[in-house]
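1. generate a structure from the sequence data that follows.
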Amino acid sequence: MNKKGFTLTEVLIGLIFLAIGLLAIGALQITSTRGNFFSNNLMQASYIAQDRLERLKNQPFGDAALFDGNHPDDSATVSGVVYNRAYTVDGAAGYKLITYIVTWNDGVNHSLSFSTIRSL
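-> Purely as a prediction, here's the structure:
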């Protein structure tokens, strides 16, 4: 007698392969979601730092905001994440190096910095 079809063992092996594939896709989805969350926070930190750095670059050269040393800046909250800001100014004759630093914690501590040179 010639019977065509799948045995129970073949069906179970097929289901195991399907389950492994679906678990891999689920893990990929979680990793993708975490990556998107971090990417959004990094983008917000970049916007904040670039905005403040541009403001500092447009200050008069002798302004108090551009005196040498560490300068704390107020914090900003975007989408529930608090971004702490500060900058340092190191000057020499005719120019100032401005480094703007943004830090935040989304479960892990992160930091981002931008630097520019402001001349007379």
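
2. from here on, just use CA atoms for contacts and neighbour counts.
-> Fine.

3. any chance you could map the strands in this protein?
-> Secondary structure of the chain (DSSP state E): strands at 69-78, 81-92, 95-105, 109-119.

4. distance of Leu22 relative to Ile30?
-> The spacing between Leu22 and Ile30, counted by Cα to Cα, to the nearest Å, is 13 Å.

5. in contact with the residue nearest to Asn70 when sequence neighbours are not counted, which residues?
-> Leaving aside its chain neighbours, Asn70 sits nearest to Thr88 (4.4 Å; criterion: Cα to Cα, 6 or more residues apart in numbering). Contacts for Thr88 (Cα atoms under 8 Å, 6 or more residues apart in numbering) come out as Asp68, Gly69, Asn70, His71, Ile98, Thr99, Tyr100.

6. one more time with 6 Å, if that's ok
-> Counting by Cα atoms under 6 Å, 6 or more residues apart in numbering, Thr88 makes contact with Gly69, Asn70, His71, Ile98, Thr99.

7. can you redo those residues as TSV with neighbour count?
-> Listed next are the contacts of Thr88 as TSV, based on neighbours: other Cα atoms under 10 Å:
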residue	neighbour count
Gly69	12
Asn70	15
His71	14
Ile98	23
Thr99	18
